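J.: got a predicted structure plus its sequence, pasted below:
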Amino acid sequence: MSLNETLKPNADKPRSLKAREPQADLVFRAVARSAGGLTIAIMLAVGLFLSLNGANAMRIAGWGFLTTQSWNTSIPKAGEFGIAAVLFGTIQIAIIALGVAFPLSFGTALLISEVLPGNIKSTFISIVDLMAAVPSVIFGLWGVFFLQANVIPVSAWISQNLGWIPIFAVTDGSGHHVTEASNFTSSSFIAGIVVGLMVVPTMTSVMREAFSQAPVGEREGALALGSTRWGMIRAVVLPYGRGGIIGGTMLGLGRALGETIAVYMIISPIFNINWQILKSGGNSVSALIALRYGEASGFGLSALMAAGLVLFLITMAINFTASSIVARSRSGADN
Amino acid sequence: MSNLLPANIVNQTYTPTADRGEELPPRSITAFQFHDIYNALGAGAAALSLAALLFGWFAPLQSMIGYVLASFVLFLLIFTLLTGFSGNREEITDRMATTLMYSAGLILIATLLFVVFFTVARSGDAIGHINFFTETQKLTGPLDPLTSGGVVHAIVGTLIQISIALAITIPLGITTAVFLNEVGGRFARLVRTVSDAMTALPSIVAGLFVFSALISTGVLQRSGMAAAIAITVMMLPIVIRASDVVLRLVPHNLREASYALGTSRWRTVWHVVLPTARSGLVTAVILGTARGLGETSPVLLTSGAAADTNVDPLHGPMISLPLQVFTFIKSPEPNMIARGFGTAAVLLALVLVLFTLARVLGGKAPGQQSKRQRMHTLSQSRQDEMRIALKHKAREKAAAAAPAKLNPTATTPIYEQDLRPRRFGRKK
């Protein structure tokens, strides 16, 4: 450069590559950043307000909040309220839901990504997406007015024939097996099936995305070595899609834990831990909130907020883990 | 391939015509062959009849679901047996796996169709009466016949709530998605992680949040506005996530071309990124709307049920369609349950319309244009060319009028050319 200048004093100097950002860009950047900030502020505010409002009940109940099974908030000092039973019910329903949803979504995801040809494939994807858009109140309606009546004989059959497994037994107070249909209504099992169908679309789409990213070269290699389609899936697609399977299942679990209205419509609420999944009666945190919200006093509301906070923290923890697993397994995402 | 090349070519890859010997038929790599279809049909027929025999003969038919389950298990067993006659272990596993995959898909579709048709079929009683769409529940009691009362108030409530929610969600959600993609940085990654995790925020928690933050602090009453804000909290992460995915699909070379022309970041976003991703963004918003429409529990907490039309979002409870369904079916009266199904059908129809709209608008990848859009783009670039040409001409004229003052070094125009706009596209 200096040589250039001595030879030709009037030569053009190279343009500086450092550009000052135009005013419009500074404004744009500030607006975009503040939108991001606002979004994150809303999300953080959810946790903040729940903890502020729930703090009162939490302080009185102490650790007993997590171990007490009843929900009596009329005498705050007694501390006779806790989420042990409802949290147990929530997890119970979510596990049943996963038991229904996992095989369905795993099979459907593989069917879409590996078996179906182009045209039917996109139709199938649309149908799964449509299922995600069906409101939960409609699933609840179906569960109450159709599924319940049709599942009861199945429940009765299971409890008669597999009753020796404790969770499938249905007994009355004195420990005798019971068979009347009324003992099988409004059970966690029925609620779990409905919630399971509701989380299938979420799980399917995450798994399908992961499966479809298994590299073509390895697939063709497996087929060229003479493996069958299932052999290829087991050797190539499943190892590549493992993150998607785990992450998708956890996302489904997060959804299932938070489902409110369908559970509320089906279940008949109880406040003790019920191991018998086929037996009438169960509860979940969100159903408890929807149920007790109307009659709650100031303190009762605080207790409900505390229950909501626990639910919020659990679902957030599960979702954070799930999305980091999915993101790590996903290639092409630039984050 | 090889016979296309001249034989004397050297130093090039050349496939010799191998002596293949006896020609064997190539292995079929389609998974289902003809005998599989016969096997499947036979196994199906056998399973259905065997299950019918079991249920009809040995035990009375108790439930449809039991029958279907039993036939399914029998089908799997018989099909495995039949495949076992002709195939080895690998093949049997493969057929089993394929059958299970198809079953999962079919069960899923059957369930969805069943849920939809069940709702529609049982809604007939209520939506057969025209008053269902013209009246409210104000003067109708639980025992009144279906010729009285309707759900206009819930339809109006839903529309008002969703409009308010969209008015907040669309600008905020899309701007945030643009921030994630076009600005980036560590903070953007944090925002993305948090909003991803919030997509599965339990809806009841969103309701509780609005209650504790706005209603119990006295900022708002239990009202349509509060419900709309709760729905916004639910919809926002969904819209952000979907738009983020769409914006990520905008080809990078379009952005780079724009920056290379010296455009600012803001103009690139406004004129290149957003128009390219338009159809995907519309889809994202519509799918978010469909989710927002169906939320029951936030409205239950933040607004509550009402029997009459309320168009004022700031005062008094305002009911929405899903909450109306919920309120109806809590009643034991058959007429109220019929109304519940009718309302559910209206809600479902609304969701289906939105969903179809999203598919029609958003079926295309970013940048893919319809014929009309292509014509529009073409005419716009013609206009641009004309504008640039005219400006160029004007500048040259000015330079010719006062050459010394404006630009001392340029004495002659650099090039002479026909400045009429060239025609792009098809020749006539």
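T.: All right, it came through fine. Residues are numbered from 1 along each chain as shown, chains lettered A, B, ... in the order given.
J.: which SSE is immediately downstream of the helix or strand containing A:Arg208?
T.: A:Arg208 is part of helix A:188-212, with elements assigned from DSSP states H and E. Counting by DSSP H and E, the element after helix A:188-212 in chain order, helix or strand, is helix A:216-224.
J.: and that following helix, is it in reach of chain B?
T.: Yes. Using Cβ under 8 Å from any Cβ of the partner chain, helix A:216-224 reaches chain B at A:Leu223. (Each C-beta comes from the backbone N, C-alpha and C, glycine too.)
J.: quick check: A:Ile93 touching A:Val195?
T.: Yes. Counting by Cβ atoms under 8 Å, A:Ile93 does reach A:Val195; the two are 5.9 Å apart.
J.: shared neighbours of those two, which are they?
T.: A:256, A:259, A:263 (Cβ atoms under 8 Å, 6 or more residues apart in numbering or on different chains).
J.: most neighbours among those, which one is it?
T.: Ranked by neighbour count (other Cβ atoms under 10 Å in any protein chain shown), the shared contacts of A:Ile93 and A:Val195 have A:Val263 at the top, with 32 neighbours.
J.: at contact distance from chain B, anything in the helix holding A:Arg208?
T.: Yes. Interface with chain B: helix A:188-212 contributes A:197, A:200, A:202, A:204 (Cβ under 8 Å from any Cβ).
J.: so which bits of the stretch 1-150 of chain B are right by chain A?
T.: Near chain A, the residues belonging to the stretch 1-150 of chain B are B:27, B:29, B:31, B:62-66, B:69, B:90-91, B:93-94, B:96-98, B:100-105, B:107-109, B:111-112, B:114-116, B:118-119, B:122 when assessed by Cβ under 8 Å from any Cβ.
J.: buried among those residues? Need that as a selection in PyMOL.
T.: Per 16 or more other Cβ atoms under 10 Å in any protein chain shown, the buried members of these correspond to this PyMOL selection:
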select buried, chain B and resi 31+63+65+66+91+93+94+97+98+100+101+102+103+104+105+107+108+109+111+112+115+116+118+119+122
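J.: so of the residues of the stretch 1-150 of chain B next to chain A, which ones are in helices?
T.: Counting by DSSP state H, the part of these found in helices is B:64-66, B:69, B:90-91, B:93-94, B:96-98, B:100-105, B:107-109, B:111-112, B:114-116, B:118-119, B:122.
J.: residue 213: neighbouring residues, count only.
T.: With no chain named, the answer covers chain A. Neighbour count for A:Gln213, taken as other Cβ under 10 Å: 17.
J.: chain B, not that one
T.: Neighbours around B:Ala213, by other Cβ under 10 Å: 22.
J.: any idea how far the closest residue to it other than its chain neighbours is from A:Gly62?
T.: Leaving out its chain neighbours, the residue that sits closest to B:Ala213 by Cβ to Cβ, 6 or more residues apart in numbering or on different chains is A:Phe49, at 4.5 Å. Applying Cβ to Cβ, to the nearest Å, the value for A:Phe49 to A:Gly62 is 22 Å.
J.: could you do B:Ala389 as well?
T.: 79 Å.
J.: more neighbours: which of these two?
T.: Remark: of B:Ala389 and A:Gly62, B:Ala389 carries more neighbours, 16 against 12, as counted by other Cβ under 10 Å.
J.: tell me which element the more buried one falls in.
T.: helix B:371-401.
J.: from the chain's centre, how far out does that helix sit?
T.: Relative to its chain's centre, helix B:371-401 lies at 39 Å (Cα atoms, centre = their mean, to the nearest Å).
J.: just the C-alphas of the helix or strand where A:Ile120 lies, formatted as PDB.
T.: Assigned by DSSP H and E, A:Ile120 belongs to helix A:118-133. As requested, C-alpha coordinates have been extracted for helix A:118-133 and formatted as PDB (Å, rounded to 0.1, in the frame of the first residue of the first chain):
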ATOM      1  CA  GLY A 118     -44.500 -39.400  -1.900                       C
ATOM      2  CA  ASN A 119     -48.100 -38.500  -2.500                       C
ATOM      3  CA  ILE A 120     -49.700 -40.500   0.300                       C
ATOM      4  CA  LYS A 121     -46.900 -39.400   2.600                       C
ATOM      5  CA  SER A 122     -47.800 -35.700   2.400                       C
ATOM      6  CA  THR A 123     -51.500 -36.500   3.000                       C
ATOM      7  CA  PHE A 124     -50.500 -38.500   6.000                       C
ATOM      8  CA  ILE A 125     -48.400 -35.700   7.400                       C
ATOM      9  CA  SER A 126     -51.300 -33.400   6.900                       C
ATOM     10  CA  ILE A 127     -53.600 -35.700   8.800                       C
ATOM     11  CA  VAL A 128     -51.200 -36.000  11.700                       C
ATOM     12  CA  ASP A 129     -51.000 -32.200  11.800                       C
ATOM     13  CA  LEU A 130     -54.700 -31.900  11.700                       C
ATOM     14  CA  MET A 131     -54.900 -34.200  14.700                       C
ATOM     15  CA  ALA A 132     -52.700 -31.700  16.600                       C
ATOM     16  CA  ALA A 133     -55.200 -29.000  15.800                       C
END
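J.: list the helices and strands the helix or strand just after it packs on?
T.: Sequence order places helix A:136-142 as the next helix or strand after helix A:118-133, per DSSP H and E. Helices and strands touching helix A:136-142, as assessed by 3 or more Cβ pairs under 8 Å, 6 or more residues apart in numbering or on different chains; DSSP states H and E, comprise helix A:188-212, helix A:261-266, helix B:89-127, helix B:321-329, helix B:334-362.
J.: who touches the shortest one?
T.: So that's helix A:261-266. Contacts for helix A:261-266 (Cβ under 8 Å, 6+ apart): A:93, A:136-137, A:139-141, A:143-144, A:148, A:186, A:190-191, A:194-195, A:198, A:284, A:286-287, A:290-291, B:203, B:296-297, B:300, B:322, B:326, B:329.
J.: tell me the helix or strand right after that helix.
T.: helix A:285-292.
J.: and if you look at the longest one?
T.: Later in the chain than helix B:89-127, the nearest helix or strand by DSSP H and E is helix B:152-178.
J.: sorry, back to before: can you tell if the helix holding A:Ile120 touches chain B?
T.: Yes. Helix A:118-133 is in contact with chain B by Cβ under 8 Å from any Cβ, via A:124, A:126-133.
J.: in a markdown table: those residues, plus pLDDT.
T.: Listed next are the residues of helix A:118-133 next to chain B as a markdown table, based on pLDDT from 0 to 100:
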| residue | pLDDT |
| --- | --- |
| A:Phe124 | 88 |
| A:Ser126 | 87 |
| A:Ile127 | 88 |
| A:Val128 | 88 |
| A:Asp129 | 86 |
| A:Leu130 | 87 |
| A:Met131 | 88 |
| A:Ala132 | 86 |
| A:Ala133 | 87 |
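J.: any idea how far the residue of the stretch 1-150 of chain B found nearest chain A is from A:Val200?
T.: Using Cβ to the nearest Cβ, the closest approach of the stretch 1-150 of chain B to chain A is made by B:Ala104 at 2.5 Å. Going from B:Ala104 to A:Val200 by Cβ to Cβ gives 9 Å.
J.: next: B:Val246.
T.: Taking Cβ to Cβ, one finds B:Val246 at 24 Å from A:Val200.
J.: neighbour-wise, which of the two wins?
T.: Neighbour count, other Cβ under 10 Å: between B:Val246 and A:Val200, A:Val200 has more, with 28 against 24.
J.: residues touching that one, list them.
T.: Applying Cβ under 8 Å, 6+ apart to A:Val200 gives the contacts A:101, A:104-105, A:108, A:128, A:131, A:252, B:108.
J.: make TSV from these and add distance to A:Gly300 to it.
T.: Shown next, in TSV, are the contacts of A:Val200 (distance: Cβ to Cβ, whole Å):
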residue	distance to A:Gly300
A:Ala101	34
A:Leu104	39
A:Ser105	38
A:Thr108	43
A:Val128	40
A:Met131	36
A:Gly252	32
B:Leu108	41
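J.: closest to B:Arg395 out of those residues?
T.: In terms of Cβ to Cβ, no member of these lies closer to B:Arg395 than A:Val128, at 58.0 Å.
J.: mind checking how far the residue nearest to B:Ser123 when sequence neighbours are not counted is from B:Val120?
T.: Closest residue to B:Ser123 apart from its sequence neighbours, by Cβ to Cβ, 6+ apart: B:Ala345 at 3.5 Å. B:Ala345 is 5 Å from B:Val120, where distance means Cβ to Cβ.
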